[in-house]
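what's the 3D shape of this:
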Amino acid sequence: MSFEIPKIKYNGQIKESTLGEGQSGFRVGGQNCFPFHFFEGSMPNLPRIAMEVYDYPPEGWPATAVEPFRDVIDNPARWAQKCVREYGAEMICLQLASTDPNGLDKSPEEASQIVSEVSRAVSVPLIVWGTANPEKDSQVLVKVAQTCANKRLIIGPVEEKNYKAVAEAAIKYNHTVIASSPIDINLAKQLNILLTNSGVSAENILIDPTVSSIGYGIEYAYSVMERIRIAALTQQDDKLQMPIICNVAREAWKSKEAKMLFEEAPELGDETKRGILLEAISAMVLLLAGGDIMIMRHPQAISLVKDIIKELAN
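The predicted structure follows:
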């Protein structure tokens, strides 16, 4: 007697979002099953990976993370170009870390100029990520949206404290927004309701549930993402049927395990491999939880995750 895999047919479906423009643009979402459950449904669009670029030379990065970008780390546009040309990046995420009011506190005008330069330097979809300071992000993202009108940027994080201004700018200048909430399914749903009530199309919203790396609460992030997918597929909750984006790189590489030298912790193994594996495994766990877009840093970690995605897809 042959064994048949039990199958469940889901009535819900994740909405498709079009990111970027022209031939370099693509769709994410659209699946009507849980991640890689091809025996139950379809995933018309496999998960995508965005390579992150910082708007100024980052501090505190371990040598392993700096090495691939050492020659371009002081020039965001050239950094983005290297990611695309040399490492095959299909998306870029520009981290506007210099706008942090507790740091360099660069102005919205300075930030929008950098975004414009990076946007002109590459043709792939561009994510623009602020500092999670609602007041400053509101000013920065509105200016960025205006400066890069109709460039189809993906801008965020958009929070309940600043959604009105950013939503208005996204609608006016034709951009996608990243709805960020602190690891809570109800808060994620509430923010999506606020955004759609403001006129933002559901197809122009990505959910950022806030994630962590392995060893730092990833099981909680996994649980929340899984519950979002359950509500979307089994309960047909259209306020949670948006693709999920995970800003995983900064969480993985800021952990002490990624930074400690071999001499400090020989039991953790080779320091040049440790951070790469930490990032790759964290991303893979979040993909299995329902992530559609991973923001990653190291080319080797990205290569590992892409290989796993191909294996699961086949």
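
all contacts plus neighbour counts: C-alpha atoms, from now on.
Fine.

Could I get the full set of helices for the stretch 101-250 of the chain?
108-121, 134-147, 163-173, 185-197, 218-234, 249-253 (DSSP state H, counting those that start in this stretch).

Distance to residue 18 and mean pLDDT for these - can I get that in JSON lines?
JSON lines is the format used below for these (distance: least, C-alpha to C-alpha, whole Å; pLDDT from 0 to 100):
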{"stretch": "helix 108-121", "distance to residue 18": "17", "mean pLDDT": "98"}
{"stretch": "helix 134-147", "distance to residue 18": "17", "mean pLDDT": "98"}
{"stretch": "helix 163-173", "distance to residue 18": "14", "mean pLDDT": "97"}
{"stretch": "helix 185-197", "distance to residue 18": "17", "mean pLDDT": "98"}
{"stretch": "helix 218-234", "distance to residue 18": "19", "mean pLDDT": "97"}
{"stretch": "helix 249-253", "distance to residue 18": "23", "mean pLDDT": "95"}
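
okay, the ones you listed, which one's buried deepest?
For those, the largest average neighbour count (mean count of other C-alpha atoms under 10 Å) is found in helix 249-253, namely a mean of 23.

contacting residues around it?
With C-alpha atoms under 8 Å, 6 or more residues apart in numbering as the test, helix 249-253 has contacts from 52, 61-62, 65, 211-214, 258-259, 275, 278-279, 282, 295-297.

switch the cut-off to 6 Å
212, 213, 279, 296, 297 (C-alpha atoms under 6 Å, 6 or more residues apart in numbering).

Between the two ends of stretch 287-296, how far is it?
The straight-line separation of the ends of stretch 287-296 (C-alpha to C-alpha, to the nearest Å) is 12 Å.

From the contacts of helix 249-253, which land in strands?
Using DSSP state E to define strands, the subset of the contacts of helix 249-253 located there is residue 296.

Pull out the buried members of the contacts of helix 249-253.
Buried subset of the contacts of helix 249-253 (neighbour count, 16 or more other C-alpha atoms under 10 Å): 212, 213, 279, 296, 297.

Show me the two of the residues you listed that sit farthest apart.
212 and 297 (14.6 Å; C-alpha to C-alpha).

Mean pLDDT per helix and strand in this structure: which one sits at the bottom?
The helix or strand of the chain with the lowest confidence, counting by mean pLDDT, DSSP states H and E, is helix 256-259 at a mean of 89.

Not counting its neighbours along the chain, what's nearest residue 280?
residue 301 (4.8 Å; C-alpha to C-alpha, 6 or more residues apart in numbering).

Would you mind measuring from the one you found to residue 48?
For residue 301, the distance to residue 48 - C-alpha to C-alpha - is 14 Å.

Residue 111 now?
Distance, residue 111 to residue 48, by C-alpha to C-alpha: 26 Å.

Then residue 253?
For residue 253 relative to residue 48 (C-alpha to C-alpha), the value is 20 Å.

Determine the three-state secondary structure at residue 51.
Three-state call for residue 51 (DSSP: H, G, I helix; E, B strand; the rest coil): strand.

which residues does it bridge with?
On the basis of DSSP bridges, residue 51 is bridged to residue 92, residue 296.

host element of the spatially closest residue to residue 31 that is not a sequence neighbour?
Of all residues not flanking residue 31 in the chain, residue 43 sits nearest, at 4.3 Å (C-alpha to C-alpha, 6+ apart). Residue 43 is part of no helix or strand, with elements assigned from DSSP states H and E.

The residue nearest to residue 280 belongs to a strand?
No: assigned with three-state DSSP, residue 301 falls outside any strand and is helix.

Pretty sure it sits against residue 276.
Yes: taking contacts as C-alpha atoms under 6 Å, residue 301 lies within contact range of residue 276: 5.1 Å.

Compare those two (neighbour count), which wins?
residue 276 (24 against 20; other C-alpha atoms under 10 Å).

For the more buried one, what are phi and psi?
phi -60, psi -50 (degrees, to the nearest 10).

Could I get the pLDDT score of it?
pLDDT, residue 276: 97.

State the distance from it to residue 64.
Distance, residue 276 to residue 64, using C-alpha to C-alpha: 8 Å.

And for residue 203?
Residue 203 is 37 Å from residue 64, by C-alpha to C-alpha.

One more: residue 218?
According to C-alpha to C-alpha, residue 218 stands 23 Å off from residue 64.

Report how many residues lie close to the residue lying closest to residue 54 once chain neighbours are set aside.
Nearest in space to residue 54, with sequence neighbours left out and distances taken as C-alpha to C-alpha, 6+ apart, is residue 95 at 4.8 Å. Under the neighbour criterion other C-alpha under 10 Å, residue 95 is assigned a count of 20.

Please tell me how far the residue nearest to residue 31 sits from residue 64.
Residue 43 is 34 Å from residue 64, by C-alpha to C-alpha.

ok, the residue nearest to residue 54 touching residue 57?
No: counting by C-alpha under 6 Å, residue 57 is not a contact partner of residue 95; they are 11.1 Å apart.
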